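Asks: The sequence isn't on hand, but the structure is:
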């Protein structure tokens with residue numbers, strides 16, 4: 001009887017161990033599959049963010065993976081807001097440079113032309129005092145137009161909306177063209193260009 005009882009206890013122990021191993025394996029697979037699926041959601045969201053696609057819904061729960069996904073979703077939302085703000089800033093910048101180009105440069109050029117015509121006596125003779133004031137105005141207009149043009153050139157350079165063509169050329173021809181383009185400005189400031 002004692003031998004039979006020991007054998008039954010062994011069978012019960014072996015069955016309990018096998019049952020425990022099977023239960024532990026099933027629980028490990030169940031929780032591992034759940035964890036893997038939840039991590040898969042986070043991975044898919046990172047891939048969607050990289051592609052610029054809509055993210056999946058936020059994971060439910062209070063575990064670490066749900067917290068990680070929630071924080072990731074917040075960061076993705078902030079990145080989207082920052083991208084939208086950047087696009088808006090770029091649009092405002094473009095509007096600003098268009099305004100400078102059209103609404104500022106055009107009237108300045110017109111005023112500059114009018115003052116130069118006025119100085120040539122097209123509308124009649126002006127006094128020395130008036131001519132001096134007109135010259136001062138013309139110089140101020142030249143400076144402002146130069147600043148506006150420089151600002152527009154800087155914008156072209158920063159937006160890379162220009163093309164550089166490299167060609168071989170004769171240096172003396174290039175220097176002559178360059179001196180001709182600034183000759184009027186040089187004469188105005190009593191600068192002599194000697195090639």
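Replies: Received it, and whenever you're ready, just let me know what you need. Not measured: the values here are computed from a predicted model.
Asks: where along the chain do the strands fall?
Replies: Counting by DSSP state E, one finds no strands in the chain.
Asks: Please enumerate the helices of the chain.
Replies: 2-51, 64-99, 105-119, 128-159, 171-188 (DSSP state H).
Asks: Now residue 101. Nearest residue, chain neighbours left out?
Replies: Take residue 101 and drop its neighbours on the chain: the residue closest to it by CB to CB, 6 or more residues apart in numbering is residue 152, 6.1 Å away. Using the backbone N, CA and C atoms, a C-beta is placed for each residue, glycine as well.
Asks: picking that back up, can you tell which of the helices of the chain is closest to residue 58?
Replies: helix 64-99 (5.3 Å; CB to CB).
Asks: Going by neighbour count, list what's buried in the closest one.
Replies: 65, 66, 69, 72, 73, 97 (16 or more other CB atoms under 10 Å).
Asks: can you pull the contacts of the fourth one?
Replies: Under the criterion of CB atoms under 8 Å, 6 or more residues apart in numbering, the contact list for residue 72 reads 42, 45, 46.
Asks: Quick one, which of these are buried?
Replies: With burial judged by 16+ other CB under 10 Å, the buried subset of the contacts of residue 72 is 42, 45.
Asks: where does this structure have low pLDDT?
Replies: Applying pLDDT under 70 to the chain flags the ranges 161-162.
Asks: tally of neighbours for residue 172?
Replies: Residue 172 has 9 neighbours, counted by other CB atoms under 10 Å.
Asks: Please report how far it lies from residue 194.
Replies: Per CB to CB, to the nearest Å, residue 172 is found 13 Å from residue 194.
Asks: picking up where we left off before, okay, the helices of the chain in JSON lines with distance to residue 58 next?
Replies: Formatted as JSON lines, the helices of the chain follow (distance: least, CB to CB, whole Å):
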{"stretch": "helix 2-51", "distance to residue 58": "9"}
{"stretch": "helix 64-99", "distance to residue 58": "5"}
{"stretch": "helix 105-119", "distance to residue 58": "51"}
{"stretch": "helix 128-159", "distance to residue 58": "38"}
{"stretch": "helix 171-188", "distance to residue 58": "63"}
